[in-house]
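Peer 1: sequence first, predicted model second:
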Amino acid sequence: MAAFKTRDAEPLVSLVGAGVYRNGRWLVRGVDFSVRPGEIVTLIGPNGSGKSTSAKLATGILRADEGHVTRRPGLRVGYVPQRLAVDWTMPLTVRRLMTLTAPLASDEIDQALDAVGIRHLAGAEVQHLSGGEFQRALLARAMARKPDILVLDEPVQGVDFSGEIALYDLITSIRNATGCGILLISHDLHIVMAETDTVICLNGHVCCRGTPAAVSSSPEYMRLFGDKASRTLAVYSHDHDHTHLPDGRVLHGDGSITDHCHPDDGHHHGHSASDHHRHSHDHHGHHDHDHSHDQDHDPGHARGNVADNTKEHGHAG
Ligand SMILES: Nc1ncnc2c1ncn2[C@@H]1O[C@H](COP(=O)(O)OP(=O)(O)OP(=O)(O)O)[C@@H](O)[C@H]1O
């Protein structure tokens with residue numbers, strides 16, 4: 001994995017005391033954070049706590065009514081929104097989706113789809129994609145513009161658990177290969193990807209911040225989410241050096257893609273094409289909160305690697 005000296009780098013984007021005021025109320029206020037090249041910053045917080053609003057401040061979609069937002073001059077932003085305003089009754093191929101908002105050369109489209117492992121789906125109808133394939137298509141669309149910062153609003157929505165891991169792996173590989181900064185909105189209050197450098201916990205303001213470990217033990221986090229829910233912030237932590245893409249090829253930790261695993265890859269046992277190897281999931285403590293999500297998670301997804309940490313989720317199908 002590439003090493004990133006994110007701390008010394010100039011921020012790509014910084015929010016300082018930023019607030020958004022609409023219809024007589026502050027949607028968020030006093031939001032401070034920055035994202036540096038190669039840094040992964042994850043926003044968590046309850047529904048309506050201002051995660052999307054803060055991300056939109058960072059991208060410039062929304063302007064701050066107080067405070068400041070600074071972006072590096074010429075900053076290229078890749079944004080994967082939570083929702084896409086698409087007329088789903090109209091046929092739309094993946095290739096066409098890639099050029100909906102801006103033109104792209106055919107080889108740029110192919111390259112981007114290749115990088116996320118869905119080149120074979122270029123001619124497929126978007127409506128027919130699985131949740132994970134759709135998120136990959138959106139990721140490809142954002143990456144095709146070679147952004148300095150990638151802003152992902154709930155990138156694992158509609159994706160089952162193994163798909164979540166695969167997507168987080170892909171996001172990490174993109175960061176490793178390109179060195180771009182990543183601002184991620186987590187769909188889950190209590191699980192963040194292990195590679196996260198900084199967690200920002202929002203509740204209309206910044207409730208607490210720090211490494212995943214620091215946030216999970218902060219009194220503010222516990223106060224916000226209550227005793228039961230806040231025993232700890234679980235972390236997707238898995239040590240592996242390659243991921244199997246949906247089309248069967250293998251994405252390596254250095255960003256390269258091959259048709260097969262390398263002989264010295266981190267596994268030497270039989271596996272299905274969707275396996276992810278040498279994952280030593282390291283979810284700390286219990287994770288028995290009972291909040292509901294509106295994502296379509298597989299209720300059985302917690303079995304296996306992280307069984308103890310994701311049980312009792314109240315995913316509302
Ligand atoms: N354009 C707008 N005008 C008025 N209110 C808005 C606007 N956009 C968002 N809000 C409100 O601001 C608050 C924060 O919304 P935001 O989408 O940022 O929250 P979130 O943390 O991303 O929520 P979720 O987890 O549900 O996606 C919510 O109460 C929402 O209803």
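Peer 2: Received the coordinates, thanks.
Peer 1: measure residue 208 to the ligand for me?
Peer 2: As judged by C-beta to the nearest ligand atom, to the nearest Å, residue 208 and the ligand stand 15 Å apart. (C-beta placed from N, C-alpha, C; glycine too.)
Peer 1: all strands for the stretch 101-250 of the chain, in order.
Peer 2: In the stretch 101-250 of the chain, the segments counted as strands under DSSP state E, counting those that start in this stretch are 149-153, 181-185, 191-193, 198-202, 206-210, 234-236, 242-244, 250-252.
Peer 1: out of the ones you listed, which gets the lowest mean score?
Peer 2: Sorting the strands of the stretch 101-250 of the chain by mean pLDDT places strand 234-236 lowest, at a mean of 52.
Peer 1: list the contacts for residue 86?
Peer 2: By C-beta atoms under 8 Å, 6 or more residues apart in numbering, residue 86 lies in contact with 92, 97, 100, 126.
Peer 1: residue 146 too?
Peer 2: Counting by C-beta under 8 Å, 6+ apart, the residues that residue 146 touches are 76, 178.
Peer 1: give me phi/psi at it?
Peer 2: For residue 146, the backbone dihedrals (degrees, to the nearest 10) come out as phi 50, psi 60.
Peer 1: distance of it relative to the ligand?
Peer 2: For residue 146, the distance to the ligand equals 26 Å [C-beta to the nearest ligand atom].
Peer 1: where does the closest residue to residue 163 other than its chain neighbours land on pLDDT?
Peer 2: Counting by C-beta to C-beta, 6 or more residues apart in numbering, residue 163 lies nearest to residue 132, which is 3.8 Å off, once chain neighbours are set aside. Per-residue pLDDT puts residue 132 at 85.
Peer 1: residue 148 now?
Peer 2: You'll see residue 148 listed with a pLDDT of 96.
Peer 1: hmm, it is touching residue 73, no?
Peer 2: No - using C-beta atoms under 8 Å, residue 148 is not in contact with residue 73, being 10.8 Å away.
Peer 1: and the two? Which one has more around it.
Peer 2: Taking neighbours as other C-beta atoms under 10 Å, residue 148 and residue 73 compare with residue 148 leading, 19 against 5.
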